[in-house]
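> no sequence for this one, just the structure:
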């Protein structure tokens, strides 16, 4: 089934076609939400809400890449959840976050540096974080990112460039702390 | 841009593929297509339910009718009760065959006690069977229906009780599948994401049960997995109300940073000693928020391990310990634990930087919690321990000399603690003139009343083995715990000749 046929069948309320769409995009949405910095227990809510919105608004989709359109919906919903997430400023958060990550994420990452990068990413401003996630972890081109974020192509390039610099600084800082504490 | 960093970023893409799924596809489809399906299913399930109820009524009537003509109805009802409870337990716990679990075996034994020569009341047997065949999930559902803080304690009791049978079951599974150290480590690492575990199916199922019932696994050494209550699960599953908010807040600490089973440097959360300040400050925030006086005893271990730099007795302490203590004093000067850090620093500076057995006693920790609770500035500069016999003898000799002429010049150069002890000697000896001479002059009008009010001094002599000392250039305050909810204070001032004398004393009760 190609993309055009898939869309047509979903518009015709074909449950099987929609199930296929879910199979393809569910892991992508989960990964995106996780990379964005959403708490584990809220990712499934984002997934459900994204697919509900896709189902309800599929008739409004007419042109362009389906994946770009789905990423736009995912980004909007994820951003909303992220804003609602209560930011705790207590020092407990620092320890809890670190040890919760070991508790939940310790087995995800193949290298320890990956875990540190993930933590550094969570500290990056959204303006830089989102383009980096889309470019490095979702293989999106600059053009795709420009459409998804509704910004100029040159802005995409400069945000990725600056964001990488900031990410690297944050990563090196964390890595230094780790060496200091753990040797 | 650094090529290595770019490579790392690109590798992350594959690393992120390890993230487990948070929701099944079927669930998503159900959510999206649910409204249409609900209508169709409702009629079908209603008819099914009605049919089942009819059948159940018929069978029950038939059985009951028969039973009424048989012998021991009570025993039969107990057996039915046991079967029903066992079924509920099995359905809740998710283990197919529960008959070999120790708690189920124990519940059956209680049933058999009905026939014993010393028979038990059937109500007691029902109660025992009910207690033994509870799961945390069942208890949580019950708890959320009623708003009670006692229910939380019952929940933890149920969870602690079920630990043993589940631990036994786990051990059987490990033996059955001949699990080696590597596999054990995998089970430990994947306990929070059991769907990712690709080992034996029954172990995977067991990990899922642990998640549902609120347990976590601790690794002890390389070859033992120990079941513990997951307090975070309690916090996530129990409805928080005004009545239980305080306990739940404490459970959150137990589930994340405080290991109540192995507190201190050997904690299962792998929090290093130099992050114990976080734990201490969180406890303090908790005590302040919920207006609680007594410090949980587990804090004593964390506090001592922090002040001892996580070292064993006799080990040399390095610059990191010094930096840590100085940092704590500088940044958290108003913390109730700051005084202990100051005390520790003073001790190390005067005794060499060698770790000793205990820096803070339980009594001192207990006392500071009262000071923190009752005084606006609940901190101190150091702990003055009760004087040694040798010091006492020296001071006694000095007192004997002093009382002959009560010459203030003799007091010049003495520390406030020394003058205080002289004062206590004089008080104990009922030497009124010496007592008066050790009072600050402008306070003499109050002296008569104060001497009448001898409580503070008597209590100081008899009760506390130590005092908290707040020392400024010209004023020193000694604070000590008299009894629950009661603190004593003695204030001393230095006059313009540099001599310390008693200014005032007071008892503070809550």
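It's in. All values reported here derive from a predicted model rather than from experimental measurement. Numbering: from 1, shown residues only, chains lettered A, B, ... in the order given.
> ranking helices and strands of chain A by mean pLDDT, which lands last?
Scoring the helices and strands of chain A by mean pLDDT, DSSP states H and E places helix A:91-105 at the bottom, with a mean of 53.
> who does the helix or strand that it is followed by touch, helix- and strand-wise?
For helix A:91-105, the following helix or strand on the C-terminal side (DSSP states H and E) is helix A:112-123. Applying 3 or more C-beta pairs under 8 Å, 6 or more residues apart in numbering or on different chains; DSSP states H and E, one finds that helix A:112-123 makes contact with helix A:91-105, helix A:153-182, helix B:3-15. For glycine as for every other residue, the C-beta is placed from the backbone atoms N, C-alpha and C.
> how far does the helix or strand following helix A:112-123 sit from the chain's center?
Towards the C-terminus, the helix or strand next in line after helix A:112-123, according to DSSP H and E, is helix A:126-132. Distance of helix A:126-132 from the chain centroid (C-alpha atoms, centre = their mean, to the nearest Å) equals 10 Å.
> buried residues, the helix or strand residue B:86 falls within. List them.
Residue B:86 is part of helix B:73-93 when elements are defined by DSSP H and E. Residues of helix B:73-93 classed as buried: B:78, B:81, B:82, B:85, B:86, B:89, B:90, B:92, B:93 (neighbour count, 16 or more other C-beta atoms under 10 Å in any protein chain shown).
> now the third one: how far from residue B:388?
To residue B:388, residue B:82 is 65 Å away according to C-beta to C-beta, to the nearest Å.
> what's the answer for the last one, then?
Plainly put, residue B:93 is 59 Å away from residue B:388 if you go by C-beta to C-beta.
> surely residue A:157 touches residue A:142?
Yes. Counting by C-beta atoms under 8 Å, residue A:157 touches residue A:142, with 6.0 Å between them.
> so stretch A:49-68, near chain B or not?
Yes. Between stretch A:49-68 and chain B, judged by C-beta under 8 Å from any C-beta of the partner chain, the touching residues are A:51, A:52, A:55.
> what about the first one, neighbour count?
Translated: residue A:51. Neighbourhood size, residue A:51 [other C-beta atoms under 10 Å in any protein chain shown]: 25.
> surely residue B:206 and residue B:169 touch.
Yes. Residue B:206 is within contact range of residue B:169, at 7.0 Å (criterion: C-beta under 8 Å).
> out of the buried residues of helix B:73-93, the closest to chain A would be?
residue B:92 (22.1 Å; C-beta to the nearest C-beta).
> which residue, other than its chain neighbours, is closest to that closest one?
residue B:135 (4.2 Å; C-beta to C-beta, 6 or more residues apart in numbering or on different chains).
> what mean pLDDT does stretch B:406-425 get?
Average pLDDT, stretch B:406-425: 88.
> how far away from the center of its chain is that stretch?
43 Å.
> residue of the stretch 51-200 of chain B closest to chain A, please.
Counting by C-beta to the nearest C-beta, the stretch 51-200 of chain B gets nearest chain A through residue B:189, at 4.6 Å.
> for that residue, phi and psi?
phi -70, psi -30 (degrees, to the nearest 10).
> same thing with residue B:216?
Per degrees, to the nearest 10, the backbone of residue B:216 is at phi -130, psi 160.
> leaving out sequence neighbours, find the closest residue to it.
The nearest residue in space to residue B:216 (C-beta to C-beta, 6+ apart) is residue B:230, at 4.2 Å.
> and the one you found, how many neighbours?
When neighbours are counted by other C-beta under 10 Å, residue B:230 comes out with 24.
> so what's it up against?
By C-beta atoms under 8 Å, 6 or more residues apart in numbering or on different chains, the contact set of residue B:230 is B:214, B:215, B:216, B:255.
> equivalent analysis for residue B:355, please.
Residue B:355 neighbours (C-beta under 8 Å, 6+ apart): B:308, B:309, B:311, B:312, B:313, B:314, B:315, B:316, B:317.
> now these: which count as buried?
B:308, B:309, B:311, B:317.
> what's the distance between the last one and residue A:6?
In this structure, residue B:317 and residue A:6 are 67 Å apart, going by C-beta to C-beta.
> follow-up on the earlier one: I'd like the list of the contacts of residue B:230 that fall within strands, please.
B:215, B:216 (DSSP state E).
> farthest-separated two in the contacts of residue B:230?
Spatial extent of the contacts of residue B:230 (C-beta to C-beta) is set by the pair B:215 and B:255 at 11.6 Å.
> quick check: neighbours shared by the two?
B:230, B:233.
> point to the residue nearest the middle of chain A.
residue A:32 (2.3 Å; C-alpha atoms, centre = their mean).
> so which helix or strand takes in it?
Assigned by DSSP H and E, residue A:32 falls within helix A:15-36.
> hmm, who's touching that helix?
A:1, A:6, A:9-10, A:40, A:42-43, A:46-47, A:50-51, A:54-55, A:67, A:70-71, A:74-75, A:78, A:81-82, A:118, A:121, A:129-130, A:133, A:137-138, B:16-17, B:19, B:21-23, B:25, B:28-29, B:32-33.
> those in helices, which ones?
A:6, A:9-10, A:40, A:42-43, A:46-47, A:50-51, A:54-55, A:67, A:70-71, A:74-75, A:78, A:81-82, A:118, A:121, A:129-130, B:25, B:28-29, B:32-33 (DSSP state H).
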